[in-house]
Each structure stands twice: as C-alpha cells, then as structure tokens.
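Engineer: Provide a 3D model corresponding to the input given below.
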Amino acid sequence: MTKHLRYWAICQLMLTVLCCQSLYAQSLKQELPLSLHVEVKNPLKQQRENVMVYIPEADILKLNSAFNTNAFVVLDGKTEVPGQYNRKDQKGIVLVLDQLKANEARKLTIRFKKDGTVERQYPKRTQAELSHKVGGEFQNRKYIGGEFQNVDSLRVPDEHTDHSYFIRYEGPGWESDKVGYRFYLDWRNGTDVFGKKTKDMVLQQVGQDGFDSYHEEAAWGMDVLKVGKSLGVGTLAHFSEGRANRVAETDSMISVIAENGNVYSSILTNYYGWKVAGMQMDLRSLISIHAGTRLTHHEVQVEGASPQNLSTGLNKDSKAILYTSKGSDNQWGFLASYGEQSLNNDKLGIAVLFRPQDFLEFTEDKNSHVVKLKSTAGKLEYYYLAAWELEPEGIKNEEQFVQYLRKTAHELANPVQVKLTAGNRL
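Structural biologist: All right, here's what the predicted structure looks like:
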C-alpha cells in the first residue's frame, strides 16, 4: 500500500469512528432525554491518574428530583465513562476518570430518563466480599464440614476465633485492579495485604481450599505481608501502656458488604462494646477502595467514650526503611516503609496517610511503627496502601515509591473540585 493510500485509509477510519460516536450521542439523547452537567477540576499543577469523582445523591435530587438511579449514563464528550450508583455508602454517583491533566477542568454530562432501566456492562475493577462456611458446625471453636458461601453480612458467631476455618481467608476482602486487602474478623482485627500479579479480580478464588495456601506465590499473586501481633498496615488501635491495642475485646461484631461495584467497593463493620484502657465504646469502621488505586480509605466513628487517641501504623521489619512526615497545609502526613519486607522476600512498600490537623505523635511498640491521631467529635479518617514490586506496571524501587508517596500525599491535600449544574428537564 502506498503512502497516500495508507493516509486515505486512516482518514476513512477516523471519519467512520466520528460518525459512529455522533450517532451514538444522538441515540443517547433520544433514549435518555434528561441531563445534568458536572465540572471536575484538578487544582494541582501536576497530572493525576485514576481520579474518583463523587456526586452526592442530595445534590442530584436537589437539581432534579426525577433522577432515575437505574437509568443513567455519564459522558465525557461523546465517550461513556463507567460509573455506578451507591445506595448504602457514599449515596450517589461514583465514577473514575483515567486521567486529569495539570489544572484541567473536565466537563461531563449525566444523561438519564425518568422511568425504566438502562443496562450497562462495565469492566469490574473493584470487589468486596465476605464468605463463610454453611452446612457444618462448630466443634471446640473449629468449624467442621460445610462449604463456603458469599454473604452480604455476618454477625460473627460467639464460637468464632482465629483459625476457626469458618470465614474464607479469615475475614472480609476488598480489592482494586492494583492490590487486595483483608482484615481478620476476630479478636486480632489486623489488616493484611494480597499482592496481585494481574489487574483482574482475584479474591473470589483465594482460600477456597479452606487453608492458607495464599501464603505461597500463585499465578494471581499472594499474601505479601506478615501481620502477626503488629498493626499490619492501617489497622486501627488505641495506644496506651506503651503499646498499640487493636480492637481485641468486644461484645459483638457485625460486618456488611456495603458496596460491591465495578469502580467502587466498601465494607462497613460495627464493633459493639470495644473495651480498651478502662473505656468501653462502640466503633463504626467503613473501608473503601476505588478503581485504579492502591489506597484504602478508612472512616472511623466512636460513640460512648472519648479516647485520647486513635492510632494506626505499620508492622516492623528490619529489612525496611522507615519514612515519616507530619504533613503541611499542602500535603497529608504519612508513616511509611519500603524494602525487601514481603513474605516473598521481595520489595514491598506500605504506608498510612493522615490529615496534619489530626496528628499527635509518632511512636512505636515492640511490633509496630505507630502514629497517634486525634478524632474530632468521635470521627477520624485516614488512608493506607501497599505497593508490591510484582504488580503489573508496579513500583520497582525505593525512589519510585517515595515519589509515589509524596505525590499521593499532595493529592489528598488538594482534592478535585466537583460542581454539579442543571441540564435538560421534561
């Protein structure tokens, strides 16, 4: 094919694509005649990737009470953006933009209709699950027989403890296309990491043999963090008597899969009667993750007591380098470590990030590096993350990890700005 013929073929292809996009846009206007407009602005002079955009339900209904949560799409120009409607956690629309350039303002359109439904099949890029055995019975605090079944919620049985073989991989799990996590839904309440070698969702296949084979490297990845008696990564605790005390003694625990979506997933756990340092309180823990990120967002609320601190942190490992920052007006604080600290004896970075105004002090105990934080009106939020070198397109060295850590801390202090305005009405 000559140069001119190739050029002509490319032009014809581009014209065909543009025509198809135009026809698709016209078709959507007919199918979904109502609209809202969203402006998303990046306030930073740096590009950011995999940006979560949250549009609250209250804001949507204020502009158009006819909004149909079952019949909408989000458009970036003529390109459809995968999104979801959350009904339990962060009620409203959640979507993820692959990229926002420095200081870019992107204009999106939400198209919808008053009645009916619109079916969309978007790639699944997040997951949250909770699976336990049914059909067997507890004997001496071990669950004998039965098969694993995924459930939406679980009130933890009084007979359950660590290594009861009742809950698959010992607790709820959540993941993005970057990384997976779990926490032990028993007296340990520690957070662990599943390193992934694929962008696919994998938790549904983990621990199906009823044992801990996930500690060995597999095609999907493996458990990469040694938690033991430490805070693992991001585990909530109260620091007193020289040590970090995890949420160990409670009256009862109920865990709920709040959202299990394509771009956003979350888990809500209520701990009733947490007893620590002579106090008793109820604790509400909401953890969430969105597509394209390593970050888990942890939102905590306590009632019944006013603890002097709510702490979190990381496990100690002699092979890892420690990094700390109290943060500033333009950057969240962090406690992080990087080195050959994975269970696979390769490079792993872990971190917790917190608001500077919540910072009390850095400290430690025998097992963990700790950051003590203060709550406001019983509420606290922080993030944690893990970056394993075997991830697809993963972080390979200390310099890359520190760069990623500082960029993330900068972005958390400067969230994207979202403005919703009215569009077409019937």
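Engineer: so how far is Gly77 from the most centrally placed residue in the chain?
Structural biologist: For the chain, the residue nearest the mean C-alpha position is Ile289 (1.3 Å; C-alpha atoms, centre = their mean). Distance from Ile289 to Gly77, counting by C-beta to C-beta, to the nearest Å: 28 Å. Where you see a C-beta, it was placed from the backbone N, CA and C, and this is true even at glycine.
Engineer: Could you double-check that Lys41 lies in contact with Gln417?
Structural biologist: Yes - applying C-beta atoms under 8 Å, one finds Lys41 in contact with Gln417, separated by 4.4 Å.
Engineer: quick one, which of those two is more surrounded?
Structural biologist: Using other C-beta atoms under 10 Å, the more surrounded residue of Lys41 and Gln417 is Lys41, with 15 against 11.
Engineer: so what's the more buried one up against?
Structural biologist: Taking C-beta atoms under 8 Å, 6 or more residues apart in numbering, we find Lys41 in contact with Asn103, Glu104, Ala105, Arg106, Val416, Gln417, Val418, Lys419.
Engineer: which SSE is the fourth one in?
Structural biologist: Put plainly, it is Arg106. If you go by DSSP states H and E, Arg106 is part of strand 105-112.
Engineer: can you give me the mean pLDDT across whatever helix or strand comes next after that strand?
Structural biologist: Sequence order places strand 126-129 as the next helix or strand after strand 105-112, per DSSP H and E. Rounded to a whole number, the mean pLDDT of strand 126-129 is 98.
Engineer: what's the answer for stretch 159-171, then?
Structural biologist: Averaged across stretch 159-171, pLDDT comes to 97.
Engineer: again with stretch 182-192
Structural biologist: Stretch 182-192 comes out at a mean pLDDT of 98.
Engineer: now stretch 293-302
Structural biologist: pLDDT averaged over stretch 293-302 gives 98.
Engineer: buried sites along it?
Structural biologist: Thr293, Arg294, Leu295, Thr296, His297, His298, Glu299, Val300, Gln301, Val302 (16 or more other C-beta atoms under 10 Å).
Engineer: if we can go back for a sec, please pick the buried ones from the contacts of Lys41.
Structural biologist: Looks like those have Arg106, Val416 buried, using 16+ other C-beta under 10 Å.
Engineer: where along the stretch 301-426 of the chain do the helices fall?
Structural biologist: When secondary structure is read from DSSP state H, counting those that start in this stretch, the stretch 301-426 of the chain shows helices at 398-413.
Engineer: show me where pLDDT drops low in it?
Structural biologist: 425-426 (pLDDT under 70).
Engineer: mind running it again at 90?
Structural biologist: Where the stretch 301-426 of the chain drops to pLDDT under 90, the residues are 423-426.
Engineer: For it, which segments are assigned as strands?
Structural biologist: Ranges of strands in the stretch 301-426 of the chain, per DSSP state E, counting those that start in this stretch, are 310-315, 320-325, 333-339, 348-354, 359-364, 368-373, 379-388, 417-422.
Engineer: Any chance of CSV for the ones you listed, columns distance to Gly116?
Structural biologist: What follows is the strands of the stretch 301-426 of the chain, written out as CSV (distance: least, C-beta to C-beta, whole Å):
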stretch, distance to Gly116
strand 310-315, 45
strand 320-325, 51
strand 333-339, 47
strand 348-354, 42
strand 359-364, 50
strand 368-373, 47
strand 379-388, 37
strand 417-422, 22
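Engineer: Out of those, flag the one nearest Glu147.
Structural biologist: Closest approach to Glu147 among these (C-beta to C-beta): strand 379-388, 30.4 Å.
Engineer: Check which helices and strands the closest one sits against.
Structural biologist: Secondary-structure packing of strand 379-388 (3 or more C-beta pairs under 8 Å, 6 or more residues apart in numbering; DSSP states H and E): strand 179-183, strand 191-196, strand 296-303, strand 310-315, strand 348-354, helix 398-413.
Engineer: what sits up against the longest one?
Structural biologist: Applying C-beta under 8 Å, 6+ apart, the external contacts of helix 398-413 come out as 44, 46, 48, 295, 321, 323, 325, 327-334, 336, 338-339, 349, 351, 353, 383, 385, 387, 395.
Engineer: I'd like the buried residues of stretch 293-302 written out as CSV, with distance to Tyr165 added.
Structural biologist: CSV is the format used below for the buried residues of stretch 293-302 (distance: C-beta to C-beta, whole Å):
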residue, distance to Tyr165
Thr293, 32
Arg294, 30
Leu295, 31
Thr296, 26
His297, 31
His298, 27
Glu299, 31
Val300, 29
Gln301, 32
Val302, 32
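Engineer: From those residues, pick the one nearest Asn260.
Structural biologist: When the buried residues of stretch 293-302 are compared for distance to Asn260 (C-beta to C-beta), Thr296 wins out at 15.1 Å.
Engineer: wait, what's in contact with the closest one?
Structural biologist: Residues in contact with Thr296 (C-beta under 8 Å, 6+ apart) are Trp174, Tyr181, Gly234, Ile287, Ser288, Ile289, Tyr383, Tyr384, Leu385.
Engineer: and which of those is nearest Ile110?
Structural biologist: Ser288 (21.7 Å).
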